[in-house]
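*Asks:* attaching a predicted model along with its sequence, questions to come.
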Amino acid sequence: IVYRPITSPTTWASGAASEGFTDGNLNKASETNPKGLLTSNGGISKFTEALMTELNYHRVPSGGAGNKMLMLLEGKGGAYIQDRGVSRWDTCGAQAVIEAYGGILAKLTKFS
């Protein structure tokens, strides 16, 4: 379960891919934003800036790893790049939910 108490009404999502189960109370975007790149509220890396330019994405800054993953499910962005250190604890529940809804969470490594 990923719970977001910062919205009114509060929103949440749950899921288990192994059980084919998804549920939630999400605030779906009236128009999806497939070219929105969800990022932190603060500064972003040169890599993220270059990626946005290359893919013709625009930045959608927001706080909280779980919040941004719920925003993906709501259609408020097409991708989320976490370009700062983050604890697996911050993303494990959201990863389970993203995968239950058919998404993927992947770690990028250096390109050669």
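*Replies:* It's in.
*Asks:* residue 21 is in contact with residue 15, isn't it?
*Replies:* Yes: the criterion here is Cβ atoms under 8 Å, and residue 21 meets it with residue 15 at 5.8 Å. Any C-beta I mention is one placed from the backbone N, CA and C, and that applies to glycine too.
*Asks:* now do residue 45, the pLDDT please.
*Replies:* Looking at residue 45, its pLDDT reads 89.
*Asks:* which residues does stretch 23-37 contact?
*Replies:* Stretch 23-37 is contacted from outside by 7, 9-15, 48, 51-52, 55-60, 70, 73-81, 97, using Cβ atoms under 8 Å, 6 or more residues apart in numbering.
*Asks:* make a PyMOL selection of the buried ones in those.
*Replies:* Buried members of the contacts of stretch 23-37, defined by 16 or more other Cβ atoms under 10 Å, are picked up in PyMOL with:
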select buried, resi 11+12+13+14+15+48+51+52+57+60+70+73+74+75+76+77+78+79+80+81+97
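*Asks:* in strands, which of the contacts of stretch 23-37 fall?
*Replies:* When DSSP state E defines the strands, the subset of the contacts of stretch 23-37 inside them is 11-15, 58-60, 79-80.
*Asks:* now tabulate these in CSV and tack on distance to residue 36.
*Replies:* Formatted as CSV, those follow (distance: Cβ to Cβ, whole Å):
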residue, distance to residue 36
11, 18
12, 21
13, 18
14, 24
15, 22
58, 6
59, 8
60, 4
79, 8
80, 9
